[in-house]
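**Student:** What shape does this take:
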Amino acid sequence: MTTRTTKTANRGTGNSKTNKAIKTCEAPRADVYERVTAKIIEQLEAGTRPWHRPWAINTAPLTRPLRANGLAYRGINTLLLWMQAQTCGYRSSFWMTYRQALGLGAQVRKGEKAATVVYAGAIERTEQNEKGEDEESRIPFLKAYSVFNADQVDGLPERFHPVAVEPNTPLDQMQRIEAADAFFTNIGADLRHGGDRAFYQPAADFIQMPLYETFESAEAYAATLAHEAVHWTAHTSRLDRDIKNSLGTKDYAREELVAELGAVFLGADLGVFIEPRADHANYLASWLAVLKEDKRAIFRAAAHAERAATFLHRLQPDYVEPATEADPERSGQAA
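**Tutor:** This next block holds a predicted model:
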């Protein structure tokens, strides 16, 4: 006979009487993986990378989506909320649950539609096997929550609404590029310049970049270097991702998706616009094939990309570990 002890709270969806009447962006489905993947496939098939927000037309500061407490969203939630902000034209970077808006003395406007975010966790169990010995096990799970942008909420304090900034003023751009240069210098990679290709060579563990002056802009250089730096984190001495894959294979496409997402995450963290790569069109078909075959592929890619970005941040001398994301249902925090 097997006995079981569960160490986590229930696995509800976070719905309550307070927010049952709030509309969501789409009809509920049992499988959040399918829902999110279908959304991303739809945009890729239209020739759009959903993780590239049109920064140039938005006068809000460049940043990740933020919870009401100022903590940045990570991984797949970054993509989901960028997509929603782009679709709906939201300017604020802040998102919150319905109940959290009420707690701030504010109110979601009637008829507003919520965006979906997810919380990944695990149930830890202690079970006795047939020999009477305790065995630990972890069962991962994913919960979906509804959140609203601050632009959909009346009565919020002014801090939730962005102050308009002049995008790409010469001084601002120079400061951001200098900060990005310092960031990539601090990672300590073997960085070489020359030739007309950018790539990471895992066997010899170096990053090859064309000469700086051959790029159209400083941000184009930073975008390319960010992409290759994410590949660099895959080395066996670092995050140990398998990148010994042939061009054109699905494994190669998966790693390119990780590097693509990781570069965009870094761009938001550093305040640098990550321009679409010239070979963008070449990857769309391969990414679509991967996502259509595996509904969890984008979740894994976003998770690997987040780990890579975090790894590079931890190499900075002034790095401070951010607060850990909590389960909103258990902690009362924003999703």
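**Student:** Tell me where the stretch 51-200 of the chain has strands.
**Tutor:** For the stretch 51-200 of the chain, the strands defined by DSSP state E, counting those that start in this stretch occupy 66-67, 94-96, 107-108, 113-128, 134-149, 153-154, 191-193, 199-201.
**Student:** Of the ones you listed, which is nearest residue 284?
**Tutor:** Smallest distance to residue 284 across those (C-beta to C-beta): 20.0 Å, for strand 199-201. Any C-beta I mention is one placed from the backbone N, CA and C, and that applies to glycine too.
**Student:** Counting by contacts, list what the closest one packs against.
**Tutor:** strand 206-209, helix 218-232 (3 or more C-beta pairs under 8 Å, 6 or more residues apart in numbering; DSSP states H and E).
**Student:** what lines up beside it in the sheet?
**Tutor:** strand 206-209 (antiparallel) (DSSP bridges).
**Student:** Show me what counts as buried in the strand it pairs with.
**Tutor:** Within strand 206-209, the residues scored as buried using 16 or more other C-beta atoms under 10 Å are 207-209.
**Student:** now, of the strands of the stretch 51-200 of the chain, which is deepest in the fold?
**Tutor:** strand 94-96 (a mean of 27; mean count of other C-beta atoms under 10 Å).
**Student:** helices or strands next to that strand in the packing?
**Tutor:** So strand 94-96, by 3+ C-beta pairs under 8 Å, 6+ apart, packs with strand 66-67, strand 134-149.
**Student:** Please repeat the previous calculation with a cut-off of 10 Å.
**Tutor:** The contact analysis (3 or more C-beta pairs under 10 Å, 6 or more residues apart in numbering; DSSP states H and E) places strand 94-96 against strand 66-67, helix 76-88, strand 113-128, strand 134-149, strand 153-154.
**Student:** Report the strands that pair with that strand, each with its relative direction.
**Tutor:** Here strand 94-96 has these sheet partners by DSSP bridges: strand 66-67 (parallel), strand 134-149 (antiparallel).
**Student:** part of a strand, is residue 269?
**Tutor:** No: assessed with DSSP: H, G, I helix; E, B strand; the rest coil, residue 269 is helix; it does not lie in a strand.
**Student:** Now flag whichever of the buried residues of strand 206-209 is closest to residue 180.
**Tutor:** Using C-beta to C-beta, residue 209 comes nearest to residue 180 of the buried residues of strand 206-209, at 13.6 Å.
**Student:** what is the closest one paired to in the beta sheet?
**Tutor:** Those that pair with residue 209 in a beta bridge, by DSSP bridges, are residue 193.
**Student:** cool, residue 125 as well?
**Tutor:** residue 6, residue 137.
**Student:** From residue 141, how far off is it?
**Tutor:** 12 Å (C-beta to C-beta, to the nearest Å).
**Student:** just to revisit the earlier point, as TSV, the strands paired with strand 94-96 with mean pLDDT and distance to residue 174 would be great.
**Tutor:** Output for the strands paired with strand 94-96, formatted as TSV (pLDDT from 0 to 100; distance: least, C-beta to C-beta, whole Å):
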stretch	mean pLDDT	distance to residue 174
strand 66-67	96	26
strand 134-149	88	31
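**Student:** quick one, what contacts residue 202?
**Tutor:** By C-beta atoms under 10 Å, 6 or more residues apart in numbering, the contact set of residue 202 is 231-232, 234-236, 241-244.
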